[in-house]
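Enquirer: Sequence and predicted model, in that order:
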Amino acid sequence: MRHFTCVQDLGDLKQALQEAFEIKKDHYQFTGLGKNKTLLMIFFNSSLRTRLSTQKAAMNLGMNTMVLDVNQGAWKLETERGVIMDGDKPEHLLEAIPVMGCYCDVIGVRSFAQFESKKDDYTEKILNQFINYSGKPVFSMEAATRHPLQSFADLITIEEYKKTARPKVVLTWAPHPKALPQAVPNSFAEWMNATDYEFVITHPEGYELDPQFVGNATVEYDQRKAFEGADFIYAKNWAAYTDPNYGKILSTDRSWTVDSEKMALTNNAYFMHCLPVRRNMIVTDDVIESEQSIVIPEAANREISAQAVLKKILLGL
Ligand code: CP
């Protein structure tokens, strides 16, 4: 595998899952694979889980790691071509990217949607510049439209906890005070559509996701109805995708918060969220602290998904 930005890059998903479970049995069995190889992790946005889990995964494989927080200590980067650079950005991404590529073997990039241009966001302008100009394998650590390392970890977690071959998985919108990108729900939908699970998306009207990610999912505007018989509830906020409201908050309706009364409608469902989560906006304290909450094992699986992806990239070097 050269680059990793979406589920299709993994090839056979069942085989990728098997490889992930092999890694989980012994995190250190491929420790020679990354010897004298360097991972550069570039963050345009904040992170806790992605930073730590990916760095740990690389170390398990014997890699050296370097982390660059673009907004803390690096030169401010211009991203537009044709700009007269007489402002506060002394370096252009088009020089910075190949320079970064000189110092490493693999590059991970975190670059969220900026909600300034839907076209720039949905063509993955920043991520694709790394792919095109770094000369190195690039993987997404959450880009504008997808968060594939998270979705892979989510799938591993569902496979570990499912009690039936074809569980009902429900992705539910929940309220949040800030406008959040669609990367996590897009990606989760894309990965769920790559399985044979029963997959339902529920959200208020106006929060429809890009149809390319919704795929064959059932869209149900009645959250309670969607929850009935669910085996997994995956909560996430996202800002509006459809025009003319792209990037806007249309609702902060807390009747969409996941609470124990709604969880009682499910088939004793497990509760999932990618974290960080705003308690009592997205989910109530009692639900996230309940025995059915699997947010911590889900986060732990981020190390496994990152290691499975890095292993595939290293094998292709
Ligand atoms: N879920 C996730 O990607 O967490 P971070 O933003 O902390 O990396």
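Expert: That came through fine. This is a predicted model, so every value here is computed, not measured. Numbers count the residues shown, from 1 in each chain.
Enquirer: For this protein, list the residue farthest from the centre, please.
Expert: Within the chain, residue 86 marks the point farthest from the mean C-alpha position, 35.4 Å out by CA atoms, centre = their mean.
Enquirer: who in the protein is up against the ligand?
Expert: The chain comes close to the ligand at residues 47-50, 142, 150, 274-276, as judged by CB under 6 Å from any ligand atom. For glycine as for every other residue, the C-beta is placed from the backbone atoms N, C-alpha and C.
Enquirer: Can you tell me which of the residues you listed are buried?
Expert: Buried members of these, counted by 16 or more other CB atoms under 10 Å: 47, 49-50, 142, 150, 274.
Enquirer: who's in contact with stretch 76-88?
Expert: Contact with stretch 76-88 is made by 70, 89-94, 96, 125-126, 129, as judged by CB atoms under 8 Å, 6 or more residues apart in numbering.
Enquirer: sorry, back to before: among the buried ones among the residues of the chain next to the ligand, which are located in helices?
Expert: 49-50, 150 (DSSP state H).
Enquirer: Strands of the stretch 51-200 of the chain, start to end?
Expert: Under the criterion DSSP state E, counting those that start in this stretch, strands of the stretch 51-200 of the chain are mapped to 64-69, 77-78, 91-92, 106-110, 138-140, 168-173, 198-202.
Enquirer: what's the most buried one of these?
Expert: The highest mean neighbour count among these, using mean count of other CB atoms under 10 Å, belongs to strand 138-140: a mean of 28.
Enquirer: so what does that strand touch, helix or strand wise?
Expert: Counting by 3 or more CB pairs under 8 Å, 6 or more residues apart in numbering; DSSP states H and E, the packing neighbours recorded for strand 138-140 are strand 106-110, helix 125-133, helix 148-161, helix 295-315.
Enquirer: Which residue ranges of this structure form helices?
Expert: In the chain, the helices defined using DSSP H lie at 13-25, 49-60, 93-102, 118-122, 125-133, 148-161, 183-193, 211-214, 223-227, 260-263, 285-288, 295-315.
Enquirer: buried residues in the last one?
Expert: The one in question is helix 295-315. Buried residues in helix 295-315, counted by 16+ other CB under 10 Å: 295, 298-314.
Enquirer: Give me the average confidence score over stretch 298-308.
Expert: Stretch 298-308 shows an average pLDDT of 98 in the prediction.
Enquirer: So which residues make contact with it?
Expert: Contacts of stretch 298-308 (CB under 8 Å, 6+ apart): 16, 19-20, 23-24, 27, 30, 49-50, 53-54, 56-58, 60-61, 149-150, 152-154, 156-157, 160, 272-275.
Enquirer: Repeat that for stretch 89-105.
Expert: 37-40, 42, 66, 68, 75-79, 81, 85, 107, 126, 129-130, 133-137, 317.
Enquirer: what about the residue in the stretch 201-317 of the chain that the ligand sits nearest to, distance to residue 180?
Expert: The ligand sits closest to residue 274 of the stretch 201-317 of the chain, with a gap of 3.9 Å, by CB to the nearest ligand atom. Computed with CB to CB, to the nearest Å, the distance linking residue 274 and residue 180 is 11 Å.
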